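Enquirer: With the sequence up front, the predicted model follows.
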Amino acid sequence: MALRTEELMLNMGPQHPSTHGVLRLVVTLDGENIVDVMPDIGYLHSSVEKMMEYRTYLQNIALVDRGMDYLTAMANEEVWVLAVERLGKVDVPERARYIRTLMLELQRLSSHLIWLGTFGIDLGAFTAFLWCMRERERIMDLFEAATGGRLHHVYFRIGGVFDDLPAEWTDRCETFCDDFESRLPEYDELLTGNPIFLARTQGVGVLPREKAIAMGASGPVARASGVAYDVRKAHPYEVYERIQFDIPVRTEGDCFARYLVRLEEMRQSVRIIRQCLEQLPAGEIRSKVAVTLRLPKGEVYARTESPRGDLGIYLVSEGTDKAYRVKIRAPAFTNLYALTEMMRGWKIADVIAILGSIDIVLSDVDR
Amino acid sequence: MATDPKYVPRSQALPFDKALEVIDALPGGGVILTKVEEVLNWGRAASVWPLTFGLACCAIEMMQAYATRFDMDRMGIIPRATPRQADCIIVAGRATLKIAPIVRRLWEQMPEPKYVISMGSCATCGGPFYYDNYSILKGIDQVIPVDVYVPGCPPRPEALIEGFLKLQDKIKKEPFLRRRIQRAAAAGVEES
C-alpha cells in the first residue's frame, strides 16, 4: 500500500531567534524538502518615505538613520545627502569627502561584523559572535569619539560633515586597523576551516548568475554569484575613484561564497580606510548651506553601495524646502526575494543558513 | 475531572483563603513570610531570563549588551528563545500596528510572574516616529503593561543594564508570596 503524503505549511517567525528581526517565512514542506518559501514582510513598516515628505532636507538626515537600514546609519545618510547635493549642486570640500569615505568603510566593517557574528550564532558558533562584537565595540568607540553617537550618528550634513575629527582620532583608527587585520586570520581559523561550518554552507543555497541578475540581487549576494558589480566602481561617488581596492567576486553562488566575499570585503575596507587616512587633506569640512535649503524643481536618483548592496534614493523636488516624493530602493528587499530562489529544493535545516547568508535587515526591507 | 473520586478541589486541599489570616495572626508570622519572600526574591532577581526578541535598532544595542565588554550574563540575565521559558520581555525598538498583536501574544505566553522592559523612545512613546506616521504604535504600553522604561534612541548598553538593575530592585521589593497566596485564594473561590 502506498503511503499517503501531503505538503506541510510551516510558519517561521515573526518571533524567531534567527530571522534577524521580524520576518515571517511561510515554508511549504514535502517531508524535509522545501517546496516553496513565501516571505511575509511589513512587520517593521515605519512609513519613512511618507514622513520624509513632511520634514526639511536637514531634518531627514536624522530620520534616514533610524527609518532605513539601522545597521548602516552612515550609508543611509550618504545616499540622502548625495541626492540632495546633486539636485542642489552643492559643493563638498575635499576633507569632508575623505572623512565620509572613511566613515562609510568603518560602517561597512561594523555591519559585516554583526552579520558574521549572527551568522555564526545561526550555525552554532557562539565564539564568532563574541569575537565580532569585541571588534565592533572598538568601531563604536571610534564613531562615538567622532560623531557622538554609537548607532545613529547624524554626522553627514548637506555640503560636508558635522564636525572635524577629534584630536588623535586618526592614530586610534590606525591602531584599530592594525589590530583588526591581525585578528582576521583568527576568524579564518575559527570558521573557514571548520568542518561543521563547511558542511552547512558549502554548496548550500546556490543562486545561479542568471537568476541573481534576473531577481535584482545586489551587493555581496550578487558578487558571490559571479556578478562583478559594485556601485563604488561602476558609479563612483565621494573619493572612491582615487582609491585602490578590489571587488571580491566568487562564482559558486552558495552560502560559503557569500561568506568569503564578505570576509574579503572587510579586508578591502581596511585597505580603503588606510588609504583615506594617508591621503586625508587639511581644510574645510563643510561648505556654507542654508539651514532651510530650497532645492530647485526637478528630480534626481542617487545610488551608493551600502554593505547590503545597491542602495538608491529617488528624490522629486517641487522647489520648496521639503521633498515632494522620496523613493528608497532598498538592497535587502531585492535580496530577500532572491531568497525564494535559493531555498527551493533544500532541506528544512538549511533555511537558517541560507537566510543568514543573505544578511537581511528588516528595517531596510520594510522601511 | 469533577467526577473523579480522587479529585480534591484546590480550595479544600490547601485553605489558601484562610492562609493569610492564619499567618498574620501568628506571633511573628508576617515576619517569617517576609523573610521567606526576601530569599525567594533574591533568587528571582538574580536570574531574570529575558526573551530574545528584537524589533529594530535597539535590538542591536541589546545584542551588544549580551556580548563582549558589557556581558549581561554576569548578572544572571540569560536570553531564552521561547516565551515559555522567559520571565521578562525587552521590547527593543519600534512596534508597528502589524507586530503589536504578536507582542501581546508573546507576553501572554510567558508564565507568571512576568516583567516588561520598554527599551528606547519608540517602544516608550513612538519616539521619532510619533508625527506624520500611519504605521507605528505610539508606545508599547498601549498593548502590554510596562515595568521599566529605558530612555534613549537607542539607549546605550549601559542604560539597558541600568534598566535591568532597576527591574531587579523592583523584584526584590515585591510581596511575591503574599500576592501568590491571594491569587490562589481568589482562584479557589471561583472554583468552589
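Expert: Alright, I've got the coordinates. These numbers come from a predicted model, not from an experiment. Numbering: from 1, shown residues only, chains lettered A, B, ... in the order given.
Enquirer: Can you name the residues that contact the nearest residue to B:M110 once chain neighbours are set aside?
Expert: Distances taken as CB to CB, 6 or more residues apart in numbering or on different chains put B:P83 closest to B:M110, at 4.7 Å, once the chain neighbours are dropped. Every C-beta, even on glycine, is put in place using the N, C-alpha and C of the backbone. By CB atoms under 8 Å, 6 or more residues apart in numbering or on different chains, the contact list for B:P83 reads A:15, B:51, B:89, B:106-107, B:109-110.
Enquirer: Helices along chain A, start to end?
Expert: For chain A, helices defined by DSSP state H occupy the ranges A:48-52, A:59-67, A:73-88, A:94-122, A:126-147, A:169-187, A:195-201, A:209-214, A:220-223, A:231-234, A:255-279, A:331-343, A:350-357, A:362-366.
Enquirer: per-residue confidence at the residue nearest the centre of chain B?
Expert: The centroid of chain B falls nearest to B:Y115 when counting by CA atoms, centre = their mean (1.4 Å). Reported pLDDT at B:Y115 in the predicted model: 92.
Enquirer: what does B:E191 give?
Expert: 50.
Enquirer: do the same with B:A13
Expert: With respect to pLDDT, B:A13 has a value of 56.
Enquirer: One more: B:M1?
Expert: 48.
Enquirer: and what of the one 3 residues further on?
Expert: Confidence at B:D4, expressed as pLDDT, is 66.
Enquirer: contacting residues around A:V249?
Expert: Counted by CB under 8 Å, 6+ apart, A:V249 has contacts A:223-224, A:226-228, A:261.
Enquirer: Next, it: phi, psi?
Expert: Here is the backbone geometry of A:V249 (degrees, to the nearest 10): phi -130, psi 130.
Enquirer: Going by proximity to chain B, name the top residue of the stretch 151-300 of chain A.
Expert: A:L151 (5.4 Å; CB to the nearest CB).
Enquirer: Can you say which of the contacts of A:V249 are buried?
Expert: Listed as buried from those are A:223-224, A:226-227, A:261; burial here means 16 or more other CB atoms under 10 Å in any protein chain shown.
Enquirer: which stretches of the chain aren't confidently modelled?
Expert: Unless you meant another one, I'm taking chain A. The model of chain A has pLDDT under 70 over residues A:18-19.
Enquirer: look at chain B instead
Expert: Judged by pLDDT under 70, the stretches of chain B that qualify are B:1-17, B:188-192.
Enquirer: Could you tell me which residues of it lie near chain A?
Expert: Applying CB under 8 Å from any CB of the partner chain, we find that chain B lies next to chain A at B:51-57, B:59-61, B:63-64, B:67-69, B:81, B:83, B:93-94, B:96, B:98-99, B:102, B:106, B:128-129, B:131-136, B:153-154, B:156.
Enquirer: how about a cut-off of 6 Å?
Expert: B:52-53, B:56-57, B:67-69, B:81, B:96, B:98-99, B:102, B:106, B:128-129, B:132-136, B:154 (CB under 6 Å from any CB of the partner chain).
Enquirer: Show the buried residues in those residues.
Expert: If we count by 16+ other CB under 10 Å, these have these buried: B:52-53, B:56-57, B:67-68, B:96, B:98-99, B:102, B:106, B:128-129, B:133, B:135-136, B:154.
Enquirer: Among these, name the ones in helices.
Expert: B:57, B:102, B:106.
Enquirer: possible to save the residues you listed as TSV with distance to A:G193?
Expert: Putting these into TSV (distance: CB to CB, whole Å) gives the following:
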residue	distance to A:G193
B:C57	34
B:I102	40
B:L106	39
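Enquirer: Sort out which one of those lies nearest A:S182 for me.
Expert: Comparing those against A:S182 with CB to CB picks out B:C57 as the nearest, at 30.4 Å.
Enquirer: Pretty sure A:L71 is one of the things that closest one touches, is it not?
Expert: No. Contact status for B:C57 versus A:L71: not in contact, 8.4 Å apart, counting by CB atoms under 6 Å.
Enquirer: Would you agree A:E32 is in contact with A:W346?
Expert: No. Counting by CB under 6 Å, A:E32 sits too far from A:W346 to count as a contact (9.5 Å).
Enquirer: Chain B contacts on chain A?
Expert: A:14-15, A:17, A:22, A:42-43, A:45-47, A:51, A:54, A:66, A:70, A:130, A:133-134, A:137, A:151, A:363.
Enquirer: Just the buried residues of those residues.
Expert: Counted by 16+ other CB under 10 Å, these give A:14-15, A:17, A:22, A:42-43, A:45-47, A:51, A:66, A:70, A:130, A:133, A:137, A:151, A:363 as buried.
Enquirer: just to revisit the earlier point, okay, the helices of chain A in JSON lines with distance to A:I285 next?
Expert: Shown next, in JSON lines, are those (distance: least, CB to CB, whole Å):
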{"stretch": "helix A:48-52", "distance to A:I285": "25"}
{"stretch": "helix A:59-67", "distance to A:I285": "16"}
{"stretch": "helix A:73-88", "distance to A:I285": "13"}
{"stretch": "helix A:94-122", "distance to A:I285": "5"}
{"stretch": "helix A:126-147", "distance to A:I285": "11"}
{"stretch": "helix A:169-187", "distance to A:I285": "13"}
{"stretch": "helix A:195-201", "distance to A:I285": "43"}
{"stretch": "helix A:209-214", "distance to A:I285": "39"}
{"stretch": "helix A:220-223", "distance to A:I285": "31"}
{"stretch": "helix A:231-234", "distance to A:I285": "22"}
{"stretch": "helix A:255-279", "distance to A:I285": "14"}
{"stretch": "helix A:331-343", "distance to A:I285": "29"}
{"stretch": "helix A:350-357", "distance to A:I285": "38"}
{"stretch": "helix A:362-366", "distance to A:I285": "29"}
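Enquirer: right, so the ones you listed: which one is the most enclosed?
Expert: Across those, the average number of neighbours (mean count of other CB atoms under 10 Å in any protein chain shown) peaks for helix A:220-223, which reaches a mean of 29.
Enquirer: helices or strands next to it in the packing?
Expert: helix A:255-279 (3 or more CB pairs under 6 Å, 6 or more residues apart in numbering or on different chains; DSSP states H and E).
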